[in-house]
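> Give me the fold of what follows.
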Amino acid sequence: MPIVAQSTETADWVSRFADEVIEESERRAPGAKTSVAAAPVIVVASGLSPSGPIHLGNLREVMTPHLVADEIRRRGHQVRHLISWDDYDRYRKVPAGIAGIDDSWAEHIGKPLTSVPAPKGSSYPNWAEHFKAAMTESLAELGVEFDGISQTAQYTSGVYREQILHAMKHRGDIDAILAQYRTKPKGKKPQQKAVDEAELEAEAGSGAAAEDDGSSGSAGYFPYKPYCGNCEKDLTTVTSYDDDTTELSYTCNECGFSETVALSEFNRGKLVWKVDWPMRWAYEGVVFEPSGVDHSSPGSSFQVGGQIAPIFGGKQPIGPMYAFVGISGMAKMSSSRGGVPTPADALKIMEPQILRWLYARRRPNQSFKIAFDQEIQRLYDEWDKLAGKVADGSALPADTAAYTRAMGTAAGELVKTPRPLPYRTLASVADITAGHEDQALRILSELDPEQPLATLDEARPRYDRAEAWINTHVPADQRTIVRDEPDAELLKSLDEASQQSLRLLVDGLAEHWSLDGLTHLVYGVPKVQAGFPADATPKELPPEIKTAQRTFFALLYHLLVGRDTGPRLPTLLLAVGQERVRRLLGE
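Residues are numbered from 1 along each chain as shown. I've put the predicted structure just below:
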């Protein structure tokens, strides 16, 4: 099978795939190599089923060809990224976790997604359009350029009529290919490193991979499925077909309706999935398309499609099998389960560049997680560190390439934060100030007194993302509430050493009132108390100093916020303000 080789090297995977795609395109169009300008448009493709919320696992189906297409475009080639909206697929089941959905929605199972009403309260005309809209908006924010194709529009307008008639004429050939796999025991699915333990459960997939291949009973095999003219469902059986007249008869197993139609004029049905996909490869001239695990196991749609595509005069695209995308603490995502995060959810708490980077830095066959918990702070630290290395030229070539692809596309850079302050600092400030922008600006402007922040807009959109994360993903009992009054009882109970530590801190506040200065101060107090210089390094200190620091920090948290832990102390001190800190610490 012409699958792009997946190297274990650390080279930039996007460039390697772009090389493969350009070479394959030239093989398919002899003579194109002589001139880039004269070469045909290179087609890469993705497929999305708007059967429910289109989640972050589905996004890999789009980001993989997008990144490759963008690299090809940067090299001066014409490239077209198709996204086939599989909105003419059947409504398989009522997704869990969709607001306003109840058991009555089961009556729509079997209808095309575009014939199912939109969820209650939606402004869109049907189920498919409702879920397409959110994904389209997110892709625009991510800088993904694509041509969207509605399969409902393609089928109901008769675009695929000749392909359907051709498939019916060659149904014996198609049946022979599929028969090779029907009697064989199912092979094991390609093994992926589990994102977490919950992923060991059976993968739900998109549903299409396990769809009926069109086999039927005594009337023979038919690769076409009509939607019923009465109940609109695909629970139909073709009972006869005449190749010369194209007369097709079917019966609905749901409502009992039957009719005979001329398939050469009939537009209310579609090819079964394992035939539909390779037909589209041929029709659109697709050169590159990735596939998920559920489409790539032996006998599944991508593998079988490679043998069916030549019937339509096409070839199987090259493309990698892509691995799972997980969420911290969650299993492999499936849109049919509901409640799984979508690209829109991620873009509320992280900038588009960060989300692009997560997909760009990992080869498609590598699993990774997207953090919605405290790990997002570490992720941002890693991103900022990489930005620094790219700026000073010390980053590895593959890391620089991933960073560049994350920052923008061939069309230009994405909107970025002018002053990218640490995410964890912004989150702490948003937490402490509880939406008071004037207070947030006061604190942030004191982080670096030599280059004070003039307006909060300089820290946006990163600040807004950090604030959204605090407000939506941090439990109420972990939010920071600064004390209104000093804890007189605790202050009165302190021993001399503890009182001395507070005096050392208070005495140094004015001189060290900046993020770096306060960091030096709070870590230095226990060192000075133990007889060491405040700037002594960990290698120069005995292990008990770390214990003393933790004890000191816990005391400060109790006096300031009434808990053992909280935001980083330098940020917290800046947020509380000098005068209030002095009062709460008993001065």
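> right, and W13 touches R361 too?
No: counting by C-beta atoms under 8 Å, W13 sits too far from R361 to count as a contact (9.3 Å). Where you see a C-beta, it was placed from the backbone N, CA and C, and this is true even at glycine.
> These two: who's more crowded?
The residue with more neighbours, out of W13 and R361, is W13; 26 against 21, by other C-beta atoms under 10 Å.
> burial measure for the residue nearest to the more buried one when sequence neighbours are not counted, as a count.
In space, W13 comes closest to R363 once its chain neighbours are excluded; the distance is 4.5 Å by C-beta to C-beta, 6 or more residues apart in numbering. For R363, the number of neighbouring residues by other C-beta under 10 Å comes to 21.
> A helix includes R363, no?
No: remark: R363 does not belong to a helix; assigned using DSSP: H, G, I helix; E, B strand; the rest coil, it is coil.
> do you know how far it is from P422?
29 Å (C-beta to C-beta, to the nearest Å).
> ok, now E489?
Computed with C-beta to C-beta, the distance linking E489 and P422 is 35 Å.
> what about the two, which has more around it?
When E489 and P422 are compared on other C-beta under 10 Å, the one with more neighbours turns out to be P422, at 18 against 7.
> mind listing the strands for the stretch 401-550 of the chain?
Counting by DSSP state E, counting those that start in this stretch, residue ranges of the strands within the stretch 401-550 of the chain are 408-409, 412-413.
> show me where pLDDT drops low in the protein?
In the predicted model, the chain carries pLDDT under 70 at residues 1-11, 30-39, 97-101, 183-212, 215-217, 296, 329-339.
> Run through the residues that contact R362.
Counting by C-beta atoms under 8 Å, 6 or more residues apart in numbering, R362 touches F368.
> Can you report phi and psi for it?
phi -110, psi 130 (degrees, to the nearest 10).
> That one and N58, how far apart?
As judged by C-beta to C-beta, R362 and N58 stand 16 Å apart.
> got it, and E265?
Relative to N58, E265 is positioned 35 Å away (C-beta to C-beta).
> if you count what's nearby, which of these two comes out ahead?
Regarding E265 and N58, a neighbour count based on other C-beta under 10 Å identifies N58 as having more, with 25 against 9.
> Check which element follows the helix or strand harbouring the more buried one along the chain.
Secondary structure assigned from DSSP states H and E places N58 in helix 56-74. Towards the C-terminus, the helix or strand next in line after helix 56-74, according to DSSP H and E, is strand 79-85.
> Could you list the buried residues of whichever helix or strand comes after that following strand?
Past strand 79-85, heading to the C-terminal end, the next element that is a helix or strand (DSSP H and E) is helix 127-141. Of all the residues in helix 127-141, those buried under the rule 16 or more other C-beta atoms under 10 Å are 127-132, 134-136, 138-139, 141.
> between those residues, which is nearest G214?
When these are compared for distance to G214, the smallest value, 22.7 Å, is given by A128; criterion: C-beta to C-beta.
> Straight-line length of stretch 243-258, end to end?
Counting by C-alpha to C-alpha, to the nearest Å, the length from the leading to the trailing residue of stretch 243-258 is 20 Å.
> How about stretch 92-112, which residues are buried there?
Burial within stretch 92-112, assessed by neighbour count using 16+ other C-beta under 10 Å, is assigned to 92, 94-95, 98, 101, 105, 108-112.
> hmm, I was thinking of stretch 550-563
Buried residues in stretch 550-563, counting neighbours by 16+ other C-beta under 10 Å, are found at 552-553, 555-557, 559-561.
> Also stretch 344-359?
By neighbour count, and taking 16+ other C-beta under 10 Å as the criterion, the buried residues in stretch 344-359 are 345-359.
> So which of these are in helices?
Counting by DSSP state H, the part of those found in helices is 345-349, 352-359.
> R27: which of these is nearest?
For R27, the nearest member of these is Y359. The distance, counting by C-beta to C-beta, is 27.8 Å.
> Quick check: the gap between the nearest residue to that closest one once chain neighbours are set aside and D384.
Beyond its immediate neighbours in the sequence, the residue positioned closest to Y359 (C-beta to C-beta, 6+ apart) is M63, lying 4.0 Å away. When C-beta to C-beta is the yardstick, M63 and D384 sit 22 Å from each other.
> The two: who's more crowded?
Looking at M63 and D384 with other C-beta under 10 Å, you find the greater number of neighbours at M63, namely 26 against 14.
> My read is that that one contacts P352, right?
No: M63 is beyond contact range of P352, at 11.4 Å (criterion: C-beta under 8 Å).
> Pull up the overlap in contacts between those two.
Applying C-beta under 8 Å, 6+ apart, one finds that M63 and P352 are jointly contacted by L142.
> Do a quick rundown of the helices in the stretch 451-587 of the chain.
Along the stretch 451-587 of the chain, the segments classed as helices by DSSP state H, counting those that start in this stretch run 462-473, 488-493, 496-508, 515-529, 544-561, 569-576, 578-584.
> where does the residue nearest to Y359 sit relative to A360, distance-wise?
8 Å.
> now P352
Noted for P352: a distance of 12 Å to A360, by C-beta to C-beta.
> how many neighbours does the residue nearest to L555 when sequence neighbours are not counted have?
With C-beta to C-beta, 6+ apart as the measure, S498 is the residue that lies nearest to L555, at 6.2 Å, once sequence neighbours are left out. By other C-beta under 10 Å, 16 other residues sit near S498.
> Likewise for A534?
Other residues lying near A534 total 15 when counted by other C-beta under 10 Å.
> I'd say it and T519 touch.
No: contact status for A534 versus T519: not in contact, 11.3 Å apart, counting by C-beta under 8 Å.
> So Q578 is in contact with E511, correct?
No: in terms of C-beta under 8 Å, Q578 does not count as a neighbour of E511; the distance is 11.1 Å.
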